[in-house]
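A.B. asks: coords please:
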Amino acid sequence: MGAISRRMVLGWAAIGLGGIVTGVASCGTGQPTPSGSPLVTAPTGNAPSGNPPTAQLAEPPVLRSENGLLEVAMTAVAGATKLAGRTVRAAGYDGRVPGPTLRVRPGDRMVITLRNALAETTNLHTHGLLVSPQGNGDNPFVEIEPGESFTYEIALPDDHPPGVFWYHPHHHGMVADQVFAGLFGAIVVEDADEIPVTRERVLVISDVTITGGGGGGGGAGAVASAGPADRMMGREGETVLVNGQVRPVLNARPGERERWRVVNACVSRFLDLRLSGQDLTLLGLDSGRVPSPSRVDAVVLAPGNRADLLVETRAGTSLLEAEPVDRGAPMGMMRGARPVASVVTLAELVVDGAVAGALDRVPTAPAPLDLSATPVARTREITLGIGMGPRMGVGMMSFTIDGKEFDPDRTDLAVPLGDVEEWTLVNSSPMDHPFHLHVWPMQVIRIGSQQQSEPTWRDVVNVPAGQGTVVRVAFDRHPGRTVYHCHILDHEDLGMMGVIEVA
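C.D. replies: Down below sits the predicted model:
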């Protein structure tokens, strides 16, 4: 299958064609040695991308709340660690890529003390959580300087939706580099009523380019830095990883039901996920659950999107693959200047042995909130654009929202607490921009000319090149000041971010 066009993705999202679900439109191990050198280095060669299967899937350690509290101390540190089966100079939380998986329940409190052992400023964003952005909450304006610590206190509402979320740095100008280097991890908010499954797996998908060193004892490699063209396009690593591994192996018996919680932690890569020979059932995208689980052939995730999937296993060997997605190119960059990516094999699922016993049915979820008939206090048009003007040494290209680059001291949108607003997100550029709003989820109303047939909620929604997406947002809780931005993280760092204050 060739590269997927933006129009194809838009069509699938709008009408559910062919059982393809999209989150874009309806859408380690080892302990590194701290060092003061940069997280990324200039490329000196290409990292191997066609590696054979390496090992059994290894999942990050799990830190679980007890009696309503999850208390965690983590260190962001750079140094030598195992990544993609090699010794690589990378970054990670507590020296792991990904960092530990945090498991909580609605109503829990998370107390996360983050120590910065990097040589540069960092902070922490709990992506997708519906929590306060103020003070020690999910505050993107916090700056943790090298050698310093900061304690976050994140209180989940009692009615917080279940789902898979994630955490990563959010200090403007350094987000793409730090995530690309390995600073990310999953958050799971558990269901009030457990879903009967044989096992759960957390699959954090990332990509990386590794330079130098070698796989046979030839010294440590390093995570490559991005040049101006990669930053304008949004970097995509040469090697795609699952939990820091290249093409890990998963084993199961026929007739089992697995729950896969999948995070797209790539800086810029869209993932069109397919699992040959197995039955995939969609439980949810981003947060919450769909009312009735449905079979799907594929799931498309923009950077930052997550998928909650059930896999009903059948005997045989299946490949979890990512088809390439065409997301356009900046003005002035020839369409063929960047080679079209090939299909990437992410993992191998081997199903054999005795047939497992049947499990109870999967319970249905409550119907989601629907704002489509709710009166709105105001409508806004928000334009994502690429303009001309020098920016951080990237030639004459600038990335803007409503014609302005990010300024943390400027408030771009002021919204009264309690209002419902309708936003038309307009993409005036020739490349897709996945739009992320912190704290308040978005109900997708329309993509292009296609109305959504049922309530569809996202915290990252794709805005296809040259088109528009309409969303509604209920600002009914969590007053404070936070941000909205393109989740191609290079574009965010280059200015495609705004500030919203709800009061």
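A.B. asks: Please put the alpha-carbon coordinates of the longest strand seen in the chain into PDB.
C.D. replies: If you go by DSSP state E, the chain has its longest strand at strand 69-83. What follows is strand 69-83 as a C-alpha-only set of coordinates in PDB (Å, rounded to 0.1, in the frame of the first residue of the first chain):
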ATOM      1  CA  LEU A  69      -2.400   8.800  46.500                       C
ATOM      2  CA  LEU A  70       0.400   8.200  44.100                       C
ATOM      3  CA  GLU A  71       3.700   9.700  45.400                       C
ATOM      4  CA  VAL A  72       6.500   9.600  42.900                       C
ATOM      5  CA  ALA A  73      10.100  10.900  42.800                       C
ATOM      6  CA  MET A  74      11.600  11.000  39.300                       C
ATOM      7  CA  THR A  75      14.800  12.300  37.800                       C
ATOM      8  CA  ALA A  76      15.200  13.600  34.200                       C
ATOM      9  CA  VAL A  77      18.700  12.600  33.300                       C
ATOM     10  CA  ALA A  78      20.900  12.200  30.200                       C
ATOM     11  CA  GLY A  79      23.600   9.600  29.700                       C
ATOM     12  CA  ALA A  80      24.400   6.200  28.400                       C
ATOM     13  CA  THR A  81      21.500   3.800  28.400                       C
ATOM     14  CA  LYS A  82      20.100   0.900  26.400                       C
ATOM     15  CA  LEU A  83      17.900   2.000  23.500                       C
END
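A.B. asks: Compute the distance from the centre of it to the centre of its chain.
C.D. replies: When C-alpha coordinates are averaged (C-alpha atoms, centre = their mean, to the nearest Å), strand 69-83 and its chain have centres 19 Å apart.
A.B. asks: Buried ones in that strand, by neighbour count?
C.D. replies: Neighbour counts using 16 or more other C-beta atoms under 10 Å place 70, 72, 74, 75, 76, 77, 78, 79, 80, 81, 82, 83 of strand 69-83 among the buried residues. (Glycine included, C-beta is placed from N, CA and C.)
A.B. asks: surely the fourth one meets residue 93?
C.D. replies: So the one you mean is residue 75. Yes: counting by C-beta atoms under 8 Å, residue 93 is a contact partner of residue 75 at 7.0 Å.
A.B. asks: Output the buried residues of strand 69-83 as CSV; include the columns distance to residue 148.
C.D. replies: Listed next are these as CSV, based on distance: C-beta to C-beta, whole Å:
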residue, distance to residue 148
70, 22
72, 17
74, 14
75, 12
76, 11
77, 14
78, 16
79, 18
80, 24
81, 22
82, 28
83, 26
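A.B. asks: Identify, from those residues, the entry nearest to residue 383.
C.D. replies: Nearest to residue 383 among the buried residues of strand 69-83: residue 76, at 34.2 Å, using C-beta to C-beta.
A.B. asks: Next up, the contacts around the closest one.
C.D. replies: 91, 92, 93, 114, 115, 116, 117, 118, 122, 169, 178, 183 (C-beta atoms under 8 Å, 6 or more residues apart in numbering).
A.B. asks: switch to 6 Å and redo it
C.D. replies: For residue 76, the contacting residues are 93, 116, 118, 122, 183, by C-beta atoms under 6 Å, 6 or more residues apart in numbering.
A.B. asks: for residue 148, same thing?
C.D. replies: So, once contact is read as C-beta under 6 Å, 6+ apart, residue 148 ends up touching residue 116.
A.B. asks: Use 27 as the first number for this chain going forward.
C.D. replies: Sounds good: first residue 27 from here, last item residue 174.
A.B. asks: quick one: least confident helix or strand in this protein?
C.D. replies: Sorting the helices and strands of the chain by mean pLDDT, DSSP states H and E puts helix 32-41 at the bottom, at a mean of 34.
A.B. asks: Quick check, residue 379 in contact with residue 280.
C.D. replies: No: the pair residue 379 / residue 280 is not scored as a contact, 7.2 Å apart, by C-beta atoms under 6 Å.
A.B. asks: Next, work out how far apart residue 310 and residue 458 are.
C.D. replies: Noted for residue 310: a distance of 23 Å to residue 458, by C-beta to C-beta, to the nearest Å.
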